[in-house]
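Asker: Sequence and predicted structure, then a few things I'm wondering about:
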Amino acid sequence: MRFSFYKKTARWVCCAVLSVFFVKMCIAERYCIASGSMMPTIQVGDKVLVNKVLFGLRIYNPYSKKADGFIRLMGIRQIRPNDVILFNVPFTEDPQYGISMDWNTHYCKRVLGTPGDRIGASDGHCWNDKVLRPVGVLEEQEKLRWMFDSLFIWRQSYDVIPLSSKDWNIKNWGPLLVPAKGMTVKLDSLTQELYRPVIEYETDLSLDESLKEYTFLDDYYFVVGDNAMDSYDSRYWGFIPKDFIIGVVCGK
């Protein structure tokens, strides 16, 4: 009788552990936010709940030609501007070396641009030409608007998307077209630098300067932090491949 009780208890414990493991790996998981880039929306040390099935659960593909290749299951909906997402950092050491997945480091940011969107910033305010409402926290973008430029030069964060355009800065940049699968762009001195990391990531080759146009093979996203004046985000290192996205933040 006692053996039967222990046997049933062990089964229940195993089922509970497996259920927790399944939910954590396949449905939702909590992550601790270590930086202040999403303040005031998310504070340092907050734990956010990340929904992995909303956009579609990603499963590692061992047969992919890329080490960071995944199969993405069908989700409930697409990612939208103003969503907050968690993703693998798209570089391992320095963005200047190109796109590569950092398996051990995750960032949490707000989506400004989805595949095919035209985005930018004017007087510190981020915009997306497909979205009427503000993207991000308007109060923080107002602070950015009125911040003295000299302070940003001192903090080495005034210039955005290096090598792309000398006229772009943290307050005013764009328009910028977010790469989408099947979309073709004309390449000139500006767009070659803007899309160089994506093209070299997709082809595993150095960009041929004589290339006049390019058709993207996958979808990409552009993200910014709500802490507009102090967030290391796509404004500095560029686009995020779709496969790098873990899930959508749905609460704390």
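Answerer: Looks like it arrived, so ask away.

Asker: Going along the chain, name the strands of the stretch 1-150 of the chain.
Answerer: Along the stretch 1-150 of the chain, counting by DSSP state E, counting those that start in this stretch, strands occupy 28-32, 47-51, 58-60, 70-72, 84-89, 102-113, 118-122, 125-128.

Asker: got the ones you listed as CSV, with mean neighbour count and distance to G136 columns?
Answerer: Where C-beta positions appear, they are placed from N, C-alpha and C, glycine not excepted. Converted to CSV, those look like this (neighbours: other CB atoms under 10 Å; distance: least, CB to CB, whole Å):
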stretch, mean neighbour count, distance to G136
strand 28-32, 14, 20
strand 47-51, 18, 17
strand 58-60, 14, 26
strand 70-72, 15, 26
strand 84-89, 21, 10
strand 102-113, 20, 6
strand 118-122, 19, 10
strand 125-128, 22, 5
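
Asker: Dump these into TSV; add distance to E209 and mean pLDDT as well.
Answerer: Converted to TSV, the strands of the stretch 1-150 of the chain look like this (distance: least, CB to CB, whole Å; pLDDT from 0 to 100):
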stretch	distance to E209	mean pLDDT
strand 28-32	41	90
strand 47-51	40	95
strand 58-60	34	86
strand 70-72	31	86
strand 84-89	28	97
strand 102-113	26	95
strand 118-122	25	96
strand 125-128	31	96
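
Asker: Which one of those strands lies nearest to L217?
Answerer: For L217, the closest of those is strand 70-72, at 14.4 Å, according to CB to CB.

Asker: And the closest one, how far out from the chain middle?
Answerer: Distance, stretch centre to chain centre, for strand 70-72: 16 Å (CA atoms, centre = their mean, to the nearest Å).

Asker: again with stretch 242-252
Answerer: For stretch 242-252, the distance to the chain centre is 9 Å (CA atoms, centre = their mean).

Asker: Check the average confidence over that stretch, would you?
Answerer: For stretch 242-252, mean pLDDT rounds to 93.

Asker: quick one, what contacts the closest residue to R30 other than its chain neighbours?
Answerer: Ranked by CB to CB, 6 or more residues apart in numbering and with sequence neighbours excluded, the top spatial neighbour of R30 is K47, at 4.8 Å. By CB atoms under 8 Å, 6 or more residues apart in numbering, the contact list for K47 reads R30, Y31, C32, I33, K252.

Asker: Next, the buried residues of stretch 121-140.
Answerer: A121, G124, H125, C126, W127, N128, V131, V135, G136, V137, E140 (16 or more other CB atoms under 10 Å).

Asker: how long is that stretch from one end to the other?
Answerer: End-to-end distance of stretch 121-140 (CA to CA, to the nearest Å): 13 Å.
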